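[1] After the sequence you'll find the predicted model.
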Amino acid sequence: MNSKNNHKTPEGIGLMPRLSKAGARLGLDWFLVALLLMIVLAYLWPQVGLKDGPLRLGIITDVGVSVIFLFYGLRLSPAKLKAGLSNWRLHVLVQLSTFVLFPVLILVLMKLVNADATDLLWVGIFYLAALPSTVSSSVVMVSIAGGNMPAAIFNASISSLLGVFITPLWMGVLLAGSESTGINMQDVMLKLVMQVLAPVIVGVLLHGRFGALAEKYKAKIRLFDQSIILLIVYSSFCESYARDLFGGLNMWHLIGLGTGMLALFFLVYSLITGISRLLNLNPEDEITAVFCGSKKSLVHGTVMSKVLFPDANVVGIILLPIMLYHALQLLIASIIAQSKSRKAAAKL
């Protein structure tokens, strides 16, 4: 009897399931690996992914961006958003951290180091600062750490919606009159309305009819979103490599940029923690504030880059900061969330 049982492997404790689970906790999922693979493929075969190349990725990704925001609107429940308005101090703190604290910190830093506002790497850093918070990973981290889940879902959803308007406005402030990035705010706002805002509105209007269906298939929708993001990253880096825009960057630049992204995360995290305690937020709300307020969305960063930066060859460099920040925020936030979870469990 015992020998038979010894031959059975209980579900979920094999080597691969354990490695997969451990990797997921650290944010090391297939998507991050796929992002790196897209960059490598773009380096090896840049001509394949050009806007006017054989794959015609420009058309595919343009349509994909609109479909992503249509699905987002379908899953956005007006009733749930209305129900979550009561905890206003927490919501104001998260949204101000996302859309005011981040950009102001970068503007101050740019002033201190006398940075060129048209330098593509600085444009990318400021673009990161102007982006909305993530949805899925913020909620997951809040759940692990034992925070206020309804508030996390509310803030992540509101942040994504506000980002459609606020991110372009911030980029307009930075790049007004600049021609180096190929940005024309009138063209951008028109494209924003047609490619982003209109699909969101249509999705919200159809939420009552198709919202439950979109929620049912959210895993497949997420896979579609990630696939479009991978195509955008691939085509963007193809354009940048084909025009040798990375020629002035070396490993030390990437190490410096990664270090800067870590410093930015910890600075914002510490400031939000301090403000939460000044406001006497309870521990659950503080957890929600620090995780929702310190995260930035790679999804929005990638798809909105298609709208905000029509000159496709500059997008690869502009996306570098958000890609680094995304990977690092998942890793560090996962470690912090699990630490908070263990401390909470020890108090029981």
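    All right, it came through fine.

[2] Quick one: residues contacting the residue nearest the centre of the chain.
    Residue closest to the mean C-alpha point of the chain, counted by CA atoms, centre = their mean, is Ser297 at 1.4 Å. When contacts are counted by CB atoms under 8 Å, 6 or more residues apart in numbering, Ser297 is found next to Leu131, Pro132, Ser133, Thr134, Val135, Ser159, Ser160, Gly163. Bear in mind the C-beta positions are built from the backbone N, C-alpha and C, glycine included.

[3] Could you provide these in a markdown table, with additional columns for pLDDT?
    Shown next, in a markdown table, are the contacts of Ser297 (pLDDT from 0 to 100):
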| residue | pLDDT |
| --- | --- |
| Leu131 | 95 |
| Pro132 | 93 |
| Ser133 | 92 |
| Thr134 | 85 |
| Val135 | 73 |
| Ser159 | 90 |
| Ser160 | 85 |
| Gly163 | 90 |
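
[4] In those, which residue is surrounded by the most others?
    Leu131 (31 neighbours; other CB atoms under 10 Å).

[5] which of the contacts of Ser297 sit farthest apart?
    Leu131 and Val135 (12.3 Å; CB to CB).

[6] Could you list the low-pLDDT ranges of the stretch 51-200 of the chain?
    For the stretch 51-200 of the chain, residues meeting the criterion pLDDT under 70 lie at 80, 83-85, 176-186, 188.

[7] Surely Leu162 and Phe99 touch.
    Yes: if you go by CB atoms under 8 Å, Leu162 and Phe99 touch, sitting 6.6 Å apart.

[8] higher neighbour count, the two?
    Higher neighbour count among Leu162 and Phe99: Phe99, with 23 against 15, using other CB under 10 Å.

[9] Give the helix, strand or coil label for the more buried one.
    helix (DSSP: H, G, I helix; E, B strand; the rest coil).

[10] switch to numbering from 58
    Will do, 58 is the new start, and the previous item becomes Phe156.

[11] and it, what does it touch?
    Going by CB under 8 Å, 6+ apart, the list of residues near Phe156 reads Ala187, Pro189, Ser216, Leu219, Gly220, Ile223, Trp227.

[12] Any chance of TSV for those residues, columns secondary structure and distance to Val197?
    As requested, those are arranged in TSV below (DSSP: H, G, I helix; E, B strand; the rest coil; distance: CB to CB, whole Å):
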residue	secondary structure	distance to Val197
Ala187	helix	24
Pro189	coil	17
Ser216	helix	15
Leu219	helix	21
Gly220	helix	19
Ile223	helix	24
Trp227	helix	27
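
[13] quick one: which of these is nearest Arg334?
    Comparing these against Arg334 with CB to CB places Ser216 closest, at 22.1 Å.

[14] How many residues are close by Ala186?
    Using other CB under 10 Å, Ala186 has 27 neighbouring residues.

[15] now do Gly331
    For Gly331, the count of nearby residues is 10 (other CB under 10 Å).

[16] Check which residues of the helix or strand it falls within are buried.
    Using DSSP states H and E, Gly331 maps to helix 308-335. Neighbour counts over helix 308-335 (16 or more other CB atoms under 10 Å) mark 314-315, 318-319, 321-322, 325-326, 328-330, 332-333 as buried.

[17] Same check on stretch 284-291?
    Ile285, Ile286, Leu287, Leu288, Ile289, Val290, Tyr291.

[18] What distance do you get for the last one to Val199?
    From Tyr291 across to Val199, the span is 32 Å (CB to CB, to the nearest Å).

[19] One more: the second one?
    Taken as CB to CB, the spacing of Ile286 relative to Val199 amounts to 23 Å.

[20] State which helix of this structure is the longest.
    helix 372-404 (DSSP state H).

[21] So which bits of that helix are buried?
    Judged by neighbour count using 16+ other CB under 10 Å, the buried positions of helix 372-404 are 372-391, 393-394, 397.
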